[in-house]
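K.L.:
show me the folded form of this:
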Amino acid sequence: MIELPSIDEAEGCIQCQLGSKLVLFVTGHCHWMCDYCPLSENRREIDFMYANERRVHIGDWSAVLEEARAMNATGTGITGGDPMMAAERSMEACRLLKEEFGPNHHIHLYTSIPFKPEVAQQLADSGLDEIRFHLLKLDYQRYVPTMQACRDAGIYVGIELPCEPDQSERLHELIEEMKNGPALFLNLNELEITVGNFDNMEVRGFNLSSEITAGAEGSGELARSLHAKVTPDYGFMVKYCTASYKDSGQLRRRFLRRGEHTISPHEQLTEDGTILFGAIFCASEDAQTWMDELQQQTGIPEQFIFHDPSMDRIEIPLMLAEEISEVVDAPVAMIEIHPTYERLEVSMVWLNDLRP
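P.N.:
Below you'll find the predicted structure:
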């Protein structure tokens with residue numbers, strides 16, 4: 001069960017639950033190589049940048065801003081790898097995002113580095129609103145000076161950790177250590193078993209909690225027990241986020257938001273955050289003739305017809321495609337895509353027997 005947002009919750013969490021934050025992956029580099037790291041091989045330890053699912057060249061801030069505008073982002077989450085492995089790049093991102101979208105564009109950043117306290121003011125000056133520390137080896141005291149410096153600089157400070165089922169004793173100790181300290185929240189994420197960490201999780205004896213989630217067995221139960229232990233006099237709040245919610249909740253809402261702001265007249269947005277449309281497949285040299293005939297025969301406005309030469313198809317509303325599929329002398333299909341920059345195709349259903 002997922003809790004609804006509460007008034008004392010971190011702003012970064014609230015906006016993520018709305019799906020309104022740009023996810024800015026600034027680098028795949030990280031010092032630590034944690035065995036539970038969920039990053040895929042095409043991102044791990046590689047100096048790439050991604051704005052949501054869109055790969056961008058390092059320093060191509062115009063593409064980053066374009067992606068933020070495409071989803072009408074209310075904020076940005078800076079992630080990696082470890083963004084503090086590319087600290088100057090991360091701070092440049094903060095400055096440019098604030099310049100473009102104004103002071104209310106909320107920016108949070110994840111790091112596992114207990115950096116020098118003087119860097120905290122530099123982060124604050126760049127526009128960073130919130131920072132989340134991943135405690136390596138659950139060593140809380142090592143991070144206290146850095147967290148306190150961030151608090152003193154006016155940054156909202158928290159801790160975010162995967163809830164490892166075999167670290168129950170240490171996590172219960174951590175709850176007590178954090179009492180009335182510099183961290184204002186503790187986010188516990190259900191430990192995920194992914195393609196990137198499967199072998200390591202198997203070595204540690206972790207199994208999936210069910211067939212419909214990537215969560216590790218026992219992680220959720222531990223998180224709920226920790227959550228129940230913390231009362232208001234501890235001085236921080238606890239949030240638990242399941243693996244399935246991150247995928248089907250936050251990601252779906254972000255897709256819906258981007259779809260709503262980029263959808264074309266011939267497309268329709270589904271409840272799952274995907275886009276549907278119909279397609280007539282034809283050679284590029286015949287496309288204009290086909291489009292002219294479609295308009296003449298159906299009366300559909302030209303705004304509802306789109307030629308995609310890269311796919312050799314004419315895109316039209318799905319309802320029209322279904323109506324004409326049996327009378328058109330060409331392959332007709334229903335196409336489903338993600339509303340991402342690359343428009344990843346997730347399904348195709350043929351509507352007649354003339355498939356190529």
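K.L.:
can you pull out the helices in the stretch 1-150 of the chain?
P.N.:
Ranges of helices within the stretch 1-150 of the chain are 11-18, 61-70, 87-101, 119-126, 144-152, based on DSSP state H, counting those that start in this stretch.
K.L.:
between the fourth one and helix 87-101, how big is the angle?
P.N.:
Between the axes of helix 119-126 and helix 87-101, defined by axes from the mean of the first three to the mean of the last three Cα atoms, to 10 degrees, the angle is 30 degrees.
K.L.:
now helix 119-126: mean pLDDT?
P.N.:
What helix 119-126 shows for mean pLDDT is 98.
K.L.:
give the buried residues for that helix.
P.N.:
Under the neighbour-count criterion of 16 or more other Cβ atoms under 10 Å, helix 119-126 has 119, 120, 123, 124, 126 buried. C-beta coordinates here come from the backbone N, C-alpha and C atoms, glycine included.
K.L.:
one more: stretch 13-33?
P.N.:
Buried-residue list, stretch 13-33, by 16+ other Cβ under 10 Å: 13-17, 19-30.
K.L.:
could you do stretch 98-114 as well?
P.N.:
98, 101, 105, 106, 107, 108, 109, 110, 111, 112, 113, 114.
K.L.:
tally of neighbours for the closest residue to the fourth one other than its chain neighbours?
P.N.:
Pointing back at residue 106 there. Excluding the flanking residues, the one nearest residue 106 by Cβ to Cβ, 6 or more residues apart in numbering is residue 75, at 3.5 Å. Residue 75: 23 surrounding residues under other Cβ atoms under 10 Å.
K.L.:
and residue 75, what's its pLDDT?
P.N.:
Per the predicted model, pLDDT is 97 at residue 75.
K.L.:
hang on, isn't residue 80 packed against residue 32?
P.N.:
No - with contact defined as Cβ atoms under 8 Å, residue 80 and residue 32 do not form a contacting pair (11.1 Å).
K.L.:
so residue 219 makes contact with residue 201?
P.N.:
No - Residue 219 is beyond contact range of residue 201, at 10.7 Å (criterion: Cβ under 8 Å).
K.L.:
between the two, which contacts overlap?
P.N.:
residue 191 (Cβ atoms under 8 Å, 6 or more residues apart in numbering).
K.L.:
okay, the two: which has more neighbours?
P.N.:
For residue 219 versus residue 201, the count of surrounding residues by other Cβ under 10 Å is larger for residue 219: 25 against 21.
K.L.:
buried residues of stretch 64-76, list them for me.
P.N.:
64, 65, 67, 68, 70, 71, 73, 74, 75, 76.
K.L.:
does the second one touch residue 105 like I think?
P.N.:
Right, the one you point to is residue 65. No - at 10.9 Å, residue 65 and residue 105 do not qualify as touching, with contact defined as Cβ under 8 Å.
K.L.:
residues that sit against both of those two, list them.
P.N.:
residue 97.
K.L.:
and residue 353, that's in a helix?
P.N.:
No - assessed with DSSP: H, G, I helix; E, B strand; the rest coil, residue 353 is coil; it does not lie in a helix.
K.L.:
so where's this protein shaky on pLDDT?
P.N.:
Scanning the chain with the threshold set as pLDDT under 70 gives 1-7, 209-213, 246-248.
K.L.:
now do 50
P.N.:
1-2 (pLDDT under 50).
K.L.:
so which residue is smack in the middle of it?
P.N.:
residue 23 (5.2 Å; Cα atoms, centre = their mean).
K.L.:
from residue 251, how far out is that one?
P.N.:
Going from residue 23 to residue 251 by Cβ to Cβ, to the nearest Å gives 9 Å.
K.L.:
do residue 169 as well
P.N.:
Residue 169 is 33 Å from residue 251, by Cβ to Cβ.
K.L.:
same drill for the two, tell me which one is more crowded.
P.N.:
Just comparing residue 169 and residue 251: by other Cβ under 10 Å the higher neighbour count belongs to residue 251, 18 against 8.
K.L.:
quick one, phi psi at the closest residue to residue 356 other than its chain neighbours?
P.N.:
Once flanking residues are discounted, residue 356 sits nearest to residue 331: 5.5 Å by Cβ to Cβ, 6+ apart. The phi/psi pair for residue 331 (degrees, to the nearest 10) reads phi -60, psi 130.
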